[in-house]
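[1] quick one, what's the 3D model for this:
(2 chains)
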Amino acid sequence: MIAQNPYELFRQECQTAIAGALKKTLPDIEQPTISLKKTPNIDYGQLASSLCFELAKKLGVKPLALAQNLVASVDKSRFDLIEKVEPAGAGYINFYVDFAKFSALTLKSIRKLDKEYGFVKTEVPKKVIVEHTSVNPLHPIHIGQARNPMLGDALARILQCRGHSVSRHYYIDDVGRQSSVVAYGYAKLGKPKPTEKSDLFVGKIYTVTSCIVEINRLKRLREKACISENADDLIKINKELDEWVSIAAELQEKFPVLFMALTAKIGEDENPEEEINRLNRAYEDGQPAAKELIREVSDLCLDGFRATMKRVGVTYDSWDWESDFVWTPQVNEVMTKLQATPFIFNEKGVLQFDADKATKTLDLKGKLGLSANNEVPPLTLVRADGTTLYTTRDIAYTIWKFKHAEKVINVIGMEQSLAQLQLKLALYAMGYAENADNLVHFAYNLVTLPGYKMSSRRGHYITFDEVLDEAVNRAYQEVCKRSPMLSEEEKRNIANFVGLGAVRYALVDVDSGKPVVFTWERVLNFETNSAPYVQYTHARACSILRKAEREAENPDFALLSERLEKELILNLAGFADMFIEATEYLKPNMIADYANVLADKFNTFYNAIPVLKADSQGLIDARIALTKAIQVVMRNTLNLVGVTAPERM
RNA sequence: GGGCGAGUAGCUCAGUACGGAUAGAGCAUCAGCCUUCUAAGCUGAGGGUCAAGGGUUCAAAUCCCUUCCCGCCCGCCA
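    Next up, the predicted model:
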């Protein structure tokens, strides 16, 4: 017999056993739902029910007495995996698994299913779009943004293993002033060829251009304020100007040549800000010259992103340009449809979506879990000049996504929770209730640096590439220290997957709702509870299997009687439970936790119990089979979060 | 002011959706283990009023209410 989820088989037997016992001893009562939980401790058996506590109260008897009665009427012989059933504590019913059979079932299943073990397929496979990363193509991806692709990619991987058809989408936000700013600077420089990694190159142009233009704008404002003798405005403007001037000084020192060149070129324009606005409008209008220019800069930046993401094993199936939704009638269609609803109002000539009215009219508060006094603020849809806003365009994009998928998961920071809620409400308002139901905002908390405020505008950021480089460097130091005998090539190779793995793991390891404070010590941790720790453990298991020089030919699984061995079997058998839960509740951090626990248990086992020098051939083979199973499951787990499982390190 | 998210050991975090048996790890500190399958490892010690208070329950870190504290959002930005 082979099972994707051995624990589930045992659970079903226990459930049937209790149901039967209830029917026999208490034929008159309605069958309660029987929940079985994993026990806190192997001594309490492997599954336990606390149903006697609830039932005893209704029946007016003692829980323990009830448990004893139920246990007495279980006919064990009808079940395969149940070794014994016992009443325990104040009224628990504890089920003990027959380890000889359960170990055989679990280890044979893992051996047989190998790369597929534990990936229980969903009964309702769907087409799913996971939109993630979607960093604006203005500057390199920085560490504050890098948690997004790590989470998004892990989600895509687990959903795919669950049997969904997953498509990874990158939404390119190329509509908006910022893109015009960088394109303006790029054009002023005469569209130079990048002399370094292209996103880094674009990022410098963006920061410097934006700074020069901003100073120019503020100076004009100041003139106006002087003329109108508005003292309050003047103070404010001067303060802002001071700040930008200090940024300019920094940038001038960091990139003197670029700064000089851009200052000179931009100086030729009477009003750079107006030039940028003109470019922006031209782009939204789809004028060929503007299209060519902005797409060119954006593509340069995206090339850099692709290279960065490839390093960590993240790829995308679709690159969706926001501008495409503006150039085609899609955004206009959204506006037409929304205007036909009773939720649009006009304030000072600007169209707004009354999100709160929509929730009330369509009775959505309960459904969406909004508290009664949660008044959802209105959403402005278009500017006075008729151009659209980000969320309006996002509505069109979302509708498009649902033409290609039944479920859409947006991996977007929690600071955009309100906008994502308004977007969802707009879908309901437009009659796309089913789509709205299947739209998920996967919100995650920010990555921050202690004592360092990252700012794209100031050019203050640590790029993801820098973090990866540093991770690989530190890993290399570590490899040299620990394994000086290896060849240079091997050292480099190991350093690479260790460093990259450490970063990926560190960014998915923490619950997505909690903030991650970025420190090198945290991200480049090579000890317990890190990718390197799990990788090392995997390599250790591989090493045993190599030295064994044989398959587990005649294993006697009944001999796996050590407590640690049983715990390991239980962990392996419960892999599918964990996987299903992580996927259904979108909790990729559970995967990392599981890997760490399994590695922990194996290392304890490794130190305490010999595999190849065990007492009998039957036991040796059983332990080889156990080691093999651990290696397979650990590898499957690491792959779920995109971390390499090495055979040596 | 309103909304959302968080508060668990000195530090970083599991556990909370679905209430169950003595609240778990790692880091740091201290004491040990490499002629034995990879020491990126293992063993042991100390460290907790689960933010505070109240409530529901046979049972609360977990559910409900109140308060405190921190972060984010409430733009004709994205």
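
[2] any idea which element the nearest residue to A:Pro192 once chain neighbours are set aside lies in?
    Excluding its sequence neighbours, the residue lying closest to A:Pro192 (C-beta to C-beta, 6 or more residues apart in numbering) is A:Tyr186, at 7.7 Å. In short, each C-beta sits where N, CA and C put it, glycine included. Using DSSP states H and E, A:Tyr186 sits within helix A:177-188.

[3] about what we covered before: report pLDDT for the residue nearest to A:Pro192.
    At A:Tyr186, the model reports a pLDDT of 97.

[4] quick check: it touching A:Gly203?
    No: counting by C-beta atoms under 8 Å, A:Tyr186 sits too far from A:Gly203 to count as a contact (11.6 Å).

[5] can you tell me how far the residue nearest the centre of chain A sits from A:Ile462?
    Note on chain A: the residue nearest the mean C-alpha position is A:Leu151, at 1.6 Å, using C-alpha atoms, centre = their mean. Per C-beta to C-beta, to the nearest Å, A:Leu151 is found 19 Å from A:Ile462.

[6] circling back to that earlier point, residues contacting the residue nearest to the centre of chain A?
    Counting by C-beta atoms under 8 Å, 6 or more residues apart in numbering, A:Leu151 makes contact with A:132, A:411, A:442, A:444, A:507-508, A:512, A:588.

[7] go through those and name the one nearest RNA strand B.
    A:Ser512 (8.1 Å; C-beta to the nearest atom of the strand).

[8] so that closest one, which state does it fall into?
    Assigned by DSSP: H, G, I helix; E, B strand; the rest coil, the conformation of A:Ser512 is coil.

[9] where's the residue nearest to the centre of chain A, which helix or strand?
    Using DSSP H and E, A:Leu151 falls in helix A:147-161.

[10] same thing with A:Glu274?
    helix A:272-285.

[11] pretty sure A:Leu64 sits against A:Val71.
    No: between A:Leu64 and A:Val71 there is no contact under C-beta under 8 Å: 10.4 Å.

[12] which of the two has more residues huddled nearby?
    A:Val71 (22 against 17; other C-beta atoms under 10 Å).

[13] surely that one is within a helix?
    Yes: per three-state DSSP, A:Val71 lies within a helix segment.

[14] which residues touch it?
    By C-beta under 8 Å, 6+ apart, the contact list for A:Val71 reads A:21, A:85-87, A:93.

[15] select from these every entry located in helices.
    A:Ala21 (DSSP state H).

[16] dump the residue contacts of A:Lys236.
    A:Lys236 neighbours (C-beta under 8 Å, 6+ apart): none.

[17] did I read that right, it in a helix?
    Yes: assessed with three-state DSSP, A:Lys236 lies in a helix.

[18] and the helices in the stretch 351-500 of chain A?
    For the stretch 351-500 of chain A, the helices defined by DSSP state H, counting those that start in this stretch occupy A:355-361, A:365-368, A:390-404, A:417-429, A:433-437, A:464-482, A:488-509.

[19] turn these into CSV, columns for distance to RNA strand B, mean pLDDT and mean neighbour count.
    What follows is these, written out as CSV (distance: least, C-beta to the nearest atom of the strand, whole Å; pLDDT from 0 to 100; neighbours: other C-beta atoms under 10 Å):
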stretch, distance to RNA strand B, mean pLDDT, mean neighbour count
helix A:355-361, 10, 94, 19
helix A:365-368, 10, 87, 13
helix A:390-404, 4, 97, 20
helix A:417-429, 4, 97, 21
helix A:433-437, 17, 96, 17
helix A:464-482, 4, 94, 18
helix A:488-509, 4, 95, 22
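
[20] domain parsing for chain A?
    A:6-97, A:127-171+A:320-448, A:177-314, A:504-640 (automatic domain parsing).

[21] return the residues of the stretch 51-200 of chain A in contact with RNA strand B.
    A:53-54, A:57, A:63, A:88-90, A:92, A:94, A:136, A:173, A:175-178 (C-beta under 7 Å from any atom of the strand).
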